[in-house]
Every structure is written in C-alpha cells, then in structure tokens.
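A.B. asks: Predicted model and sequence follow; I will ask about them next.
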Amino acid sequence: MNETAPPQEQGWKVRILDLSGGAEDNIVEDVGIFHDLAHANAFARAYVRDSVERCRMPGASAKDVLDTWTSFGEDAVVIDAEEDGWRSANELDDFTATPATSMERDWRMLDPRRLVDGEEIILEEDDAETEEDDTEPFDPGLHNLH
C-alpha cells in the first residue's frame, strides 16, 4: 500500500455517500484530513460497518440487510486512494451476514475531527487549574450539616 499523502493536500479524505440519493451527487460530506492511508481506510470501514448495522432489523436475513443498506445506508470512499483504498463491496457479504461488535462500528474514535493536539490538552488543564484557584477554600464551619 502507498502510505504517502496525496501531494495536493498532504493528507487523505474519506467521502461519505448517501445511498438513498438524498444528497446532491449522493455526497454527504468529506471527512479529513487523515495523515495516513491506514487511518483513512479504518475510518471508512468502521463508518460503513456502522451504517450496515443501523439498517439491520431483528430477524432480517443478510439479503434483507443488504437491500436496506443499498436503499438507505451510507457508503464511504477514500478519495484518490485508487486500488489502495478500502472498498465496501469487498466486505458487504460479511457485514450483512454477521452483526458487528460495538468496537467494529466505532468510527467516532477514528474520526480525525476528534483528535486533539497535545498543546490544547495542556491549555485546557491550565484553564481548569486557574478556575480552581479563583474559588474560595472550603470552610467546614460555613457548611454545618446539623
């Protein structure tokens, strides 16, 4: 697999497609930027896995799940990855035949929009300490419970 980023953007994006045709050109959004192809592929896979599970009804056959997904689900494609990008068609039979675990469908943990820079964490911790320093110390005499 080619792990280098596309030169025009220095990162990978995943395009979410609405299979119901509700969006213009079926494009819901482009998610990114993923700094490596493996991360983009994992996100696309988990996103589709979750979409398939949202289309699964109790007692539905694999064919029923597939039919529902192709009518109402969402697909994900790694933009400009060509043959190195993950493809839903390669795994749909397995996805529809076997219910996913919560971990397999947790695309939110892979979403680069949730990743936080280490400096932001430090700033947030510093802000929390400042807020605590501005409060008055606890005085047990003021909070008599008897």
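C.D. replies: Noted; the coordinates are in hand. Just so it is clear, the structure is predicted and the values come from calculations on it, not from any experiment.
A.B. asks: State the mean pLDDT of the helix or strand hosting Asn41.
C.D. replies: Following DSSP states H and E, one finds Asn41 within helix 37-54. Across helix 37-54, the average pLDDT comes to 98.
A.B. asks: and the helix or strand just after it with helix 37-54, angle?
C.D. replies: Downstream of helix 37-54, the next assigned helix or strand under DSSP H and E is helix 62-72. If you take axes from the mean of the first three to the mean of the last three C-alpha atoms, to 10 degrees, helix 62-72 sits at 110 degrees to helix 37-54.
A.B. asks: What helices and strands are in contact with the helix holding Asn41?
C.D. replies: Identification of packing neighbours for helix 37-54 by 3 or more C-beta pairs under 8 Å, 6 or more residues apart in numbering; DSSP states H and E yields strand 12-18, strand 27-34, helix 62-72, strand 74-78, helix 92-97. The way it works is simple: take the backbone N, C-alpha and C, and place the C-beta from them, glycine included.
A.B. asks: what angle sits between the first one and strand 74-78?
C.D. replies: If I follow you right, that is strand 12-18. Going by the same axes, to 10 degrees, strand 12-18 makes 160 degrees with strand 74-78.
A.B. asks: Please list the outside residues in contact with strand 12-18.
C.D. replies: Identification of contacts with strand 12-18 by C-beta atoms under 8 Å, 6 or more residues apart in numbering yields 5-6, 23, 26-37, 39-40, 43-44, 47, 74-81.
A.B. asks: related to what we said a few turns ago, and the contacts of the helix holding Asn41?
C.D. replies: Residues outside helix 37-54 that contact it (C-beta under 8 Å, 6+ apart) are 1-3, 12-14, 16, 31-32, 34, 65, 69, 73-78, 81, 84-86, 88, 91-92, 95-96, 99-100, 104-107, 110-112.
A.B. asks: can you rerun that using 7 Å?
C.D. replies: 1-3, 12, 14, 16, 31, 34, 65, 69, 73-78, 81, 84-86, 88, 95-96, 99-100, 104-107, 110-111 (C-beta atoms under 7 Å, 6 or more residues apart in numbering).
A.B. asks: Buried ones among those?
C.D. replies: With neighbours counted by 16 or more other C-beta atoms under 10 Å, these contain buried members at 12, 14, 16, 31, 34, 65, 69, 73-78, 81, 85-86, 88, 95-96, 100, 105, 107, 110-111.
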